[in-house]
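> I would like to see how this sequence folds:
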Amino acid sequence: MIEAKDKAQHVVRLADGEDLMAGLHGLELDSGVILSGIGMVRDAELGYWNGETYEIHRIPEACELLTMQGNVGLLENGDTVVHAHLTLARRDGTVAGGHLIRATVANTVEAFLLELPGIALHRKPEASGLVGLFPEVRG
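Numbering: from 1, shown residues only. Below is the predicted model of the structure:
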């Protein structure tokens, strides 16, 4: 991974074979916004929340990463939560999208993130089974 950081701005380039989710976790952000991500991924697993659980859709072939956006926050135990959604285009032009469960970088992924130094993004389990977002101004 190649990373450039200036105050609250992060620009990241992940290389072929890197785990996309691990790369995002490795940025050491505790509150941030994933503004954009482009490139290619393979072996993607995207989730669709059906109201009770995530239905996993596997896309093994290499696809263009058209969009990636989301946020990074913290659980009460201090673990980082990356909540990202992807839109992928297959070779034939069909598109799939969903909640990022996992994906491997194919060729490269370029991502742009903004750290939120004045806002804490807390994640807490909710009755729905999801981990809800609870933002607050840092004191």
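
> the residue nearest to the spatial centre of the chain bridge partners, please.
With distances taken as C-alpha atoms, centre = their mean, A84 lies nearest the centre of the chain, 3.3 Å away. Counting by DSSP bridges, A84 is bridged to G70.

> where's it relative to Q9, distance?
Shown here: A84 relative to Q9, a distance of 18 Å by C-beta to C-beta, to the nearest Å. (Each C-beta comes from the backbone N, C-alpha and C, glycine too.)

> elements contacting the strand of greatest length in the chain?
Criterion DSSP state E: the longest strand present in the chain is strand 95-115. Judged by 3 or more C-beta pairs under 8 Å, 6 or more residues apart in numbering; DSSP states H and E, strand 95-115 is in contact with strand 9-15, helix 20-25, strand 32-49, strand 54-59, strand 63-75, strand 80-89.

> apply 10 Å and report the result again.
strand 2-6, strand 9-15, helix 20-25, strand 32-49, strand 54-59, strand 63-75, strand 80-89 (3 or more C-beta pairs under 10 Å, 6 or more residues apart in numbering; DSSP states H and E).

> quick check, distance from the lowest-mean-pLDDT helix or strand in the chain to the centre of its chain.
Scoring the helices and strands of the chain by mean pLDDT, DSSP states H and E places strand 2-6 at the bottom, with a mean of 92. In terms of C-alpha atoms, centre = their mean, to the nearest Å, the gap separating the centre of strand 2-6 from the centre of its chain is 17 Å.
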